[in-house]
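Undergrad: quick one, fold the following:
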Amino acid sequence: MPPRKPVGSSNRPRPGRPTGGPGTPPTLGAALAELIRIKGVASTGESTQLAKDWRAAAGDRIADRTRVIGVRHGALHVGVQNSALLGELASFHQDRLLAEMQRRMPETRLRTLKFKLNGELRKPPSERPNPAQPPDPALGNDQSPRDKNQRPFGG
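TA: Here you go, the predicted model:
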């Protein structure tokens, strides 16, 4: 009786391995680089440049109350401090800002701007939570000091 092949093995080349002929699949590194380019995921240096370009296009008044989140599928995503500013940007400034960002960053091929409320922008930077730092258990869910004599609701 001939020896049995392990389950799932065959004589076919394994996916992702070059076969040497035309139509050879790309390497994983090349495929990931292409995916990152298509999706618009920016490196740290590119994110810094994106934020600088946004500040130059929007001006200090708007840039101080917004934060660039990133570029995805041809859309620049921007976090906005409050709904009034979001309405103002979407109604009165979107076309001008898009045209200016397209001029400054033609390689990103921006098609639109998307604004999103971001409540953390309401707080000064020193008061914004640090995700690397766990919340203090001595403080409540709202992170204000608790009164030790205070009883929970309903009790």
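Undergrad: helices along this structure, start to end?
TA: In the chain, helices defined by DSSP state H lie at 28-39, 44-58, 60-63, 83-88, 94-104, listed in chain order.
Undergrad: need those in TSV (columns: mean neighbour count, distance to residue 118 and mean pLDDT).
TA: Every C-beta, even on glycine, is put in place using the N, C-alpha and C of the backbone. Converted to TSV, those look like this (neighbours: other CB atoms under 10 Å; distance: least, CB to CB, whole Å; pLDDT from 0 to 100):
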stretch	mean neighbour count	distance to residue 118	mean pLDDT
helix 28-39	10	21	68
helix 44-58	15	14	87
helix 60-63	14	14	95
helix 83-88	14	10	95
helix 94-104	15	17	96
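Undergrad: which one of the ones you listed lies nearest to residue 72?
TA: Proximity to residue 72 (CB to CB) singles out helix 28-39 among those, at 6.4 Å.
Undergrad: re the thing from before, export the helices of the chain to CSV and tack on distance to residue 77?
TA: Converted to CSV, those look like this (distance: least, CB to CB, whole Å):
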stretch, distance to residue 77
helix 28-39, 12
helix 44-58, 11
helix 60-63, 15
helix 83-88, 13
helix 94-104, 12
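Undergrad: wait, which of those helices is closest to residue 122?
TA: Evaluated over the helices of the chain, closeness to residue 122 peaks at helix 83-88, with 10.7 Å, by CB to CB.
Undergrad: apart from its neighbours in sequence, what residue is nearest residue 118?
TA: In space, and not counting its chain neighbours, residue 118 is closest to residue 79: 3.2 Å by CB to CB, 6 or more residues apart in numbering.
Undergrad: separation between that neighbour and residue 30?
TA: 33 Å (CB to CB, to the nearest Å).
Undergrad: equivalent analysis for residue 55, please.
TA: Separation of residue 55 from residue 30 (CB to CB): 34 Å.
Undergrad: cool, and residue 65?
TA: Between residue 65 and residue 30 the distance, using CB to CB, works out to 41 Å.
Undergrad: OK, contacts around residue 116?
TA: 69, 77, 78, 79, 80, 86 (CB atoms under 8 Å, 6 or more residues apart in numbering).
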